[in-house]
Structures are given as structure tokens and as C-alpha cells.
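Enquirer: How does the following fold in three dimensions:
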Amino acid sequence: MANVKLPYGKSFLDAEISDERLNAILVSDMHHYKPELSQEELVQKSLENPIGTPRLREIAKGKEKIVIIASDHTRPVPSKVIMPLMLKEIRNGNPDADITILISTGCHRETTKEELVFKFGPEIVENENIYIHDCDDESMLVNIGTLPSGGQLIINKLAVEADLLVSEGFIEPHFFAGFSGGRKSVLPGIVSRKTVMYNHNAEFINSDKARAGIIDGNPLHIDMLYAARAARLDFIVNVVINSEKEVIYSVAGDCDLAHQEGRKFLNSQCKVNSVKSDIAITTNGGYPLDQNIYQAVKGMTAAEATVKPGGVIIMIAKSNDGHGGESFYETFVEEKDANKIMAKFLATLKEETIPDQWECQILARILINHKVIYISDAPDKLIMDMHMIPAHSVEDAIKLADEILKKKDSKITVIPDGISVIVI
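Expert: Numbers count the residues shown, from 1 in each chain. Got it, this is the predicted structure:
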């Protein structure tokens, strides 16, 4: 009997699976990777050895307005480690710099003060100027041109007016942008809702290049990198983290060249071979990425890549924040046929993309081919409204899967952290 710990909120659920049924446990090698340096030392070393740029302290000299883009509450970026070192580096080069930390919410809700304190620590929250991006606040948005796809690049004016724009972030597999981090700090991080809508259109999401681990030919990435260059994102600090949300690798420098090095490291650690099974169990890596159903679609795509056609996905995500997107929720409440949802989106023009369409489209793609059993703290009705089957323990979910499949000896593949792997 195997006992597998599965991240759930800030804790874990235990899954006990018989040896006869357990087909594979797919785990990223990076969770076993042990760096020789501490988290702070890794970030500091990357700051001292930037890729494709001078040191940040040199770039900061003579700059009056400096904006640091930081991720929001939905991303487990270890900002308590990264941000103090970035601030120190900037002020070593320019003690009088006017620094603003710009929270890149994309189209997410506003980050609360409590969440900011959890992310940065009380000292930074109390002493630094922090501004939370609002993709719908037109008074703070500026149109700076056209994306390669034809969409308008409308961006937060604090970034446009900055003498120096830099960002922190982390690199992980991303289910349609290929990888997180780097250029994503700008698009979707600090652009208008209109710009996000156009970039996340149905045609792009439907591309076979819009998958985890794929950059070349990925239409979303092409727009994102262009946006970062157009916004003059001159320097990034991006890290790779393990399952404990600890820094195990860090890169700094040019927003593309440094990101490329981070991707190379991640690829060397997180690619796993698909092991086809009738049942695939996965998670969204626990807090903060499993706070809602919207984000949990990411983890489902890892299971999608290893479950057999017609098989069952068991998704584990605390989802204490509910569905995570009103349009996302309404799409599935208003239409019970996932095939019709998909057809509607594929017929939608780029400029007519609606909020959360991309997440709906990917969930619909999964639901067309698989039953999804969803373990969470969310109300059962909410899970059923989203066309999924509620469960409250791994044991109960496996029993439900057996009933759906009409057999009790189905093989099971477990992915303890679905967002940390690229299943090939």
C-alpha cells in the first residue's frame, strides 16, 4: 500500500492506494534538487551575475522613477526572499530612487493587505509604495501600440512613465503560455482587460503550440514577449521553486535571455513521461494556487496528459475562494453541454473574447473527454454547476471513479503537484 501526500491548501491530504492499482507517481525531479546555496544566496548570486545586462545597481543609476512589477496573491513567488534583495540592489546604485512596487493582478481580484503582508512581510508593506493594478481602471491605462496578433497593447501608466521597469517572478510550466514568468509580468500582469481578452483568444488557446513547456510557435508567447519589450521591461529576477515554495534556482537580467536560462533548468528537472491510466489524480500544488476552481484547471491539464480517453480525473484543490471568475462560472451554469461551449468559443472572433473564455475553453476540452471528480471545501452545488462531481476525500473519489468506470481494479496515476510537471 502506497501513501501519497497531496497538497491541499496549506496542508495535505493522504491518498492510500494499493500497489496493484498504483501505476505511477509522476513527480518533478526539482523537488529533490538540493542547491548548494541558500535561497538568499541564490538570488544574490543571480543579481551579481545578470544575463544579457549590466547589474541592476548600474542600470538604476540616474533613474528617478523605478517600478518593480511583483506577482499577486495567486502566485507562490517567494517575494520575502527576492524583493528585499532587489530593493537593496537598486538603492545601492541609486539611494534616492522613487520606487513603486506594482502588483500584477492581471484580471484577478485586488490583493488584500493581509495577502500583501503574507507575500512581502510587514516591513515592506509598511515602508514601500505599493500600487495594485486594476485592469479596468481606464484612468491608469495607456495605449502604447499594436501586438503582433493585431490586438491593442494597453498598459498600466505607472510602467509606461517609469524611467526603469523591472520585475520579479517565478518560472513554472504554464498550461497555455508554455512557462510562467519573464514576459508574463507585463502581459497579462499589468495590461488592460481588453488586451488580455485579445491575447487569450480561442484560436490561440486551441493551438497545439499553446501547451505546457512549448515556447516556439506559441502565439500567446509571441504577443507576451513583444509586450514586455514594448513596455521596456529592462531587468527581471525569476526563480524556480520546489514543492516547499523554496528557491532552488535563480536567474536575473534580460527579460528574455534570463528567462531562457531559467526554462532550460526547469526543462531539465520537470519533464515526466506520461503513464496512461484509467484514473489520474492531481492537485494544484496547494496554497496559493488552489484557492479557486479557475486556477485548478491548470492542474487538470497535467492529468489530462496522462489519463486514458474516457478516463476519470480526480482533481484536488481546496477552492475556499469559490469559482474564481463570474464569467467562468456562468458559462457552465448556462450551458450543460461542453461540446456546445467549445463550439461557441471557437466561433468567437479575437476581438470579441469574453472574460475567462480561455479557462472555460480548456475546462470544456477536458470535460468533453473525461469525467472530473473534484475534492474541495467548496459547496457541492458549485462543483456540480461546473459540470464536475463533488467528493470530500480521496477514498470517496476513487470509489466514485470505480463506479463511473464500472470496475474496481483500474490503474491509477498520481501527480502530487500538477502545476510543477510537464507531462510528455
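Enquirer: Got the domain ranges for the chain?
Expert: If you go by automatic domain parsing, the domain ranges for the chain are 2-26+275-423, 39-269.
Enquirer: What's the mean pLDDT across the helix or strand containing Val237?
Expert: Using DSSP states H and E, the element containing Val237 is strand 233-241. The average pLDDT for strand 233-241 rounds to 97.
Enquirer: Which strands border that strand, and is each parallel or antiparallel?
Expert: Strand pairing for strand 233-241, determined by DSSP bridges: strand 164-170 (parallel), strand 247-253 (antiparallel).
Enquirer: What residues sit buried inside the first one?
Expert: Residues of strand 164-170 classed as buried by neighbour count (16 or more other CB atoms under 10 Å): 164-170. C-beta coordinates here come from the backbone N, C-alpha and C atoms, glycine included.
Enquirer: Which one of these is nearest to Lys113?
Expert: Among the buried residues of strand 164-170, Glu168 lies closest to Lys113 (CB to CB), at 19.3 Å.
Enquirer: For Tyr33, find the nearest of the domains of the chain.
Expert: domain 39-269 (5.2 Å).
Enquirer: so how far is the closest one off the chain centroid?
Expert: Centroid displacement of domain 39-269 relative to its chain, using CA atoms, centre = their mean, to the nearest Å, is 12 Å.
Enquirer: Mind telling me what element Leu382 is part of?
Expert: Going by DSSP H and E, Leu382 is part of helix 380-385.
Enquirer: Quick check: buried residues in that helix?
Expert: For helix 380-385, by 16+ other CB under 10 Å, it's 382-383, 385.
Enquirer: and those as JSON lines, adding distance to Ile314 and pLDDT?
Expert: Below are those laid out as JSON lines (distance: CB to CB, whole Å; pLDDT from 0 to 100):
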{"residue": "Leu382", "distance to Ile314": "17", "pLDDT": "98"}
{"residue": "Ile383", "distance to Ile314": "12", "pLDDT": "98"}
{"residue": "Asp385", "distance to Ile314": "19", "pLDDT": "98"}
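Enquirer: circling back to that earlier point, for the domains of the chain, give me TSV that also has distance to Tyr33.
Expert: Listed next are these as TSV, based on distance: least, CB to CB, whole Å:
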stretch	distance to Tyr33
domain 2-26+275-423	12
domain 39-269	5
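Enquirer: For His32, find the nearest of these.
Expert: In terms of CB to CB, the element of the domains of the chain nearest to His32 is domain 39-269, at 8.4 Å.
Enquirer: related to what we said a few turns ago, just name the closest of the buried residues of helix 380-385 to Val117, please.
Expert: Among the buried residues of helix 380-385, Leu382 lies closest to Val117 (CB to CB), at 28.8 Å.
Enquirer: got the contact list for the closest one?
Expert: 293, 322-323, 329 (CB atoms under 8 Å, 6 or more residues apart in numbering).
Enquirer: Among those residues, which are located in helices?
Expert: Among these, the subset assigned to helices under DSSP state H consists of 293, 329.
Enquirer: looking at the contacts of Leu382, which has the most residues close by?
Expert: Most neighbours among these, by other CB atoms under 10 Å: Ile293, with 30 neighbours.
Enquirer: For that residue, which non-adjacent residue is closest in space?
Expert: Distance criterion CB to CB, 6 or more residues apart in numbering; nearest residue to Ile293, sequence neighbours excluded, is His323 at 5.0 Å.
Enquirer: before we move on, the earlier item: quick check: of the contacts of Leu382, which lies closest to His221?
Expert: Ile293 (25.4 Å).
Enquirer: Would you check that that closest one makes contact with Met386?
Expert: Yes - in this structure Ile293 lies within contact range of Met386 using CB atoms under 8 Å: 6.0 Å.
Enquirer: Quick check: neighbours shared by the two?
Expert: 323, 374.
Enquirer: residue contacts, Val191?
Expert: Val191 touches 106, 135, 153-156, 227, counting by CB under 8 Å, 6+ apart.
Enquirer: Dump the residues you listed into TSV; add pLDDT as well.
Expert: Shown next, in TSV, are those (pLDDT from 0 to 100):
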residue	pLDDT
Gly106	94
Cys135	97
Leu153	98
Ile154	98
Ile155	98
Asn156	98
Ala227	98
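Enquirer: Sitting in helices, which of the residues you listed do you find?
Expert: Ala227.
Enquirer: which one among the contacts of Val191 gets closest to Lys371?
Expert: Gly106 (30.2 Å).
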